[in-house]
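Engineer: Can you look at this prediction? I've put the sequence above it.
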Amino acid sequence: GEDVEQSLFLSVREGDSSVINCTYTDSSSTYLYWYKQEPGAGLQLLTYIFSNMDMKQDQRLTVLLNKKDKHLSLRIADTQTGDSAIYFCAESEYNNNDMRFGAGTRLTVKP
Amino acid sequence: DGGITQSPKYLFRKEGQNVTLSCEQNLNHDAMYWYRQDPGQGLRLIYYSQIVNDFQKGDIAEGYSVSREKKESFPLTVTSAQKNPTAFYLCASSILGQGSVKRFFGPGTRLTVL
């Protein structure tokens, strides 16, 4: 089946930038998503990008998409302790209601 | 406010008992989903429904059952046949059709079997 892969852990210092990476295998992927999950809570949609875009920026968040390499990244500028959470990458196709999630990357921000 | 509610937040069950988790949405979404999350793992799809009175099995449906009698509601029953039910359960909803099918998630229910 199609896969979405992420590294499981990332640790950064407060104030640094965080970069969370994701790779996917489905060449038909049309939408790529980033979700944030705080401890004991549901998933919150942070942002998503259409596959004809290379980059999307929203305040401290920058999403980069390399469609050729099937690589997606989420950069968080000036990372704060409140950014500590699990970040999930996901993808879906244009005319298909399935959504495939990665296993999540646990971001720890140290003061 | 529009959103998805799940209740209860924490649930304890004795082995051999069935238990029902509630999920309600007021987003007027056609599709609803149940996911299971285990520590260090991603989300696994249990069941989903795209229309009232119809639902489909996901990747790990064994030991679970659902109903969709109303558009707003999609309860999940964890039966005694589920061998390892202790987990965090997430309900989600989305629009259907072409384009982005981003899921909106509820706050989750943590089920512990004693």
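Structural biologist: That came in fine, so what should we check first?

Engineer: Run a quick neighbour tally on residue 24.
Structural biologist: Using chain A. Applying other Cβ atoms under 10 Å in any protein chain shown, we find 20 other residues in the vicinity of residue A:24. (C-beta placed from N, C-alpha, C; glycine too.)

Engineer: meant chain B actually
Structural biologist: Around residue B:24 there are 18 other residues, counting by other Cβ under 10 Å.

Engineer: Next: residue A:53.
Structural biologist: The criterion is other Cβ under 10 Å. On that basis, residue A:53 has 12 neighbouring residues.

Engineer: OK, contacts around it?
Structural biologist: The contact partners of residue A:53, taken as Cβ atoms under 8 Å, 6 or more residues apart in numbering or on different chains, are residue A:65.

Engineer: residues from chain B in reach of chain A?
Structural biologist: Chain B comes close to chain A at residues B:4, B:6, B:31, B:40-43, B:50, B:90, B:92, B:94, B:96, B:98-108, B:110, as judged by Cβ under 8 Å from any Cβ of the partner chain.

Engineer: Show me how to select, in PyMOL, the buried members of those.
Structural biologist: Here is the PyMOL command that selects only those of the residues of chain B next to chain A that count as buried (16 or more other Cβ atoms under 10 Å in any protein chain shown):
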select buried, chain B and resi 4+6+31+42+43+50+90+92+94+100+101+102+103+104+105+106+107+108
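
Engineer: quick one: which of the residues of chain B next to chain A sit in strands?
Structural biologist: Of these, the ones assigned to strands by DSSP state E are B:4, B:6, B:31, B:43, B:50, B:90, B:92, B:94, B:104-105, B:110.

Engineer: Residue B:24 versus the closest residue to residue B:70 other than its chain neighbours, what's the distance?
Structural biologist: Taking Cβ to Cβ, 6 or more residues apart in numbering or on different chains as the measure, residue B:70 lies nearest to residue B:52, with 6.7 Å between them; neighbours along the chain are not counted. Computed as Cβ to Cβ, to the nearest Å, the residue B:52 to residue B:24 distance reads 14 Å.

Engineer: Show the contacting residues for the residue nearest the centre of chain B.
Structural biologist: Closest to where the C-alpha atoms of chain B average out (Cα atoms, centre = their mean) is residue B:34, at 2.7 Å. The contact partners of residue B:34, by Cβ under 8 Å, 6+ apart, come to B:21, B:23, B:45-48, B:58, B:64, B:66, B:74, B:76, B:89-92.

Engineer: need the residues of chain A near chain B, please.
Structural biologist: A:4, A:8, A:31, A:33, A:35, A:40-45, A:48, A:50, A:88, A:90, A:92, A:94-97, A:99, A:101-104.
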